[in-house]
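S.K.: here is my input; please provide its structure:
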Amino acid sequence: MALLPDQIAFFRTNDLQGEPTYYKVGDDVTLHGELNDKYKSVEVGETAKVRCYQHINGSGLTHEYQPGRHQNIDAQISGLSKFQVLALDTRFAVGIKLHDKTGGEPGDYRMEFKAAAIGEVEVLSGQDEYAFLPASGDSNEITCAIFVFDRHHNSIALGTVYFQWNPHSHEIHITSYDETFPANMSYRKDDQTRITFYLDSVK
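M.R.: Numbering: from 1, shown residues only. Purely as a prediction, here's the structure:
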């Protein structure tokens, strides 16, 4: 199978030998269990890049691989446990979840993020996977308006959050202020790139 421009292919041996495993732009993967530390080389498509982390929480060594063939990724990160596949023009990306603490069914609530450098990204409550919030442009900071709606399109929460990217540690920081963040919501930073938002109550 030929590598598509927006794909990457990991190999379990150095020098890109053996059967590849393919991923695409938008994939945000933590390698628990059998695959942890098993990928040894990577080929990156011409419109993609992959940001790699040594540990499953995004700590430790990090390295970003640009388009091309990279024959020994252990030389930079000493074991791959987590990665994000990004479009080549993406500066950083945040993994987002919405957890409903009000007792509703999965999908009862929809959270929207809107920002000039992002466009619009949606995430439903109760999803296991993190939604991908990519930011392009030259700035390491973005301001996001956040909206939460129920199944009937009624507004449940409205506010603002701020994401800051550290290009040296490859880590996301989040900031909010009481006067602009919804009083019926909270959040937790899950690792270097992922954040869970909580709907604590319905007004």
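S.K.: hang on, isn't Tyr53 packed against Gln192?
M.R.: Yes: between Tyr53 and Gln192 a contact is recorded at 6.7 Å, counting by Cβ atoms under 8 Å. From N, CA and C alone the C-beta is placed, and that goes for glycine too.
S.K.: between those two, which one's more packed in?
M.R.: Neighbour count, other Cβ atoms under 10 Å: between Tyr53 and Gln192, Tyr53 has more, with 26 against 22.
S.K.: need the contact list for that one.
M.R.: Tyr53 is in contact with Ser59, Gly60, Leu61, Thr62, Ile77, Leu80, Ser81, Lys82, Phe83, His170, Gln192, counting by Cβ atoms under 8 Å, 6 or more residues apart in numbering.
S.K.: from what I can see the first one touches Thr193, true?
M.R.: No: using Cβ under 8 Å, Ser59 and Thr193 do not qualify as a contacting pair, with a distance of 11.0 Å.
S.K.: more neighbours, the two?
M.R.: Higher neighbour count among Ser59 and Thr193: Thr193, with 25 against 15, using other Cβ under 10 Å.
S.K.: which residues are in contact with that one?
M.R.: Contacts of Thr193 were listed using Cβ under 8 Å, 6+ apart, and they are Asp28, Gly58, Gln84, Phe92, Ala93, Val94, Gly95, His170, Glu171, Ile172.
S.K.: contacting residues for Asp89?
M.R.: Neighbouring residues of Asp89 by Cβ under 8 Å, 6+ apart: Ser136.
S.K.: and what of Lys203?
M.R.: Per Cβ under 8 Å, 6+ apart, neighbours of Lys203: Ile156, Ala157, Asn184.
S.K.: how about those residues in a markdown table, adding neighbour count and pLDDT?
M.R.: Output for the contacts of Lys203, formatted as a markdown table (neighbours: other Cβ atoms under 10 Å; pLDDT from 0 to 100):
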| residue | neighbour count | pLDDT |
| --- | --- | --- |
| Ile156 | 20 | 96 |
| Ala157 | 21 | 97 |
| Asn184 | 16 | 96 |
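S.K.: shared neighbours of Tyr53 and Gln192, anything?
M.R.: Here Tyr53 and Gln192 share the contacting residues Ser59, His170, scored by Cβ under 8 Å, 6+ apart.
S.K.: quick check: can you list the domain ranges of the protein?
M.R.: According to automatic domain parsing, the chain is divided into the following domains: 7-87, 90-199.
S.K.: can I get those domains in TSV with distance to Met1?
M.R.: Shown next, in TSV, are the domains of the chain (distance: least, Cβ to Cβ, whole Å):
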stretch	distance to Met1
domain 7-87	7
domain 90-199	23
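S.K.: show me what the residue nearest the centre of the chain is bridged to.
M.R.: The chain has Gly95 as the residue nearest its centroid, 3.1 Å off, counting by Cα atoms, centre = their mean. In this structure, Gly95 bridges to Phe132, Arg194 when assessed by DSSP bridges.
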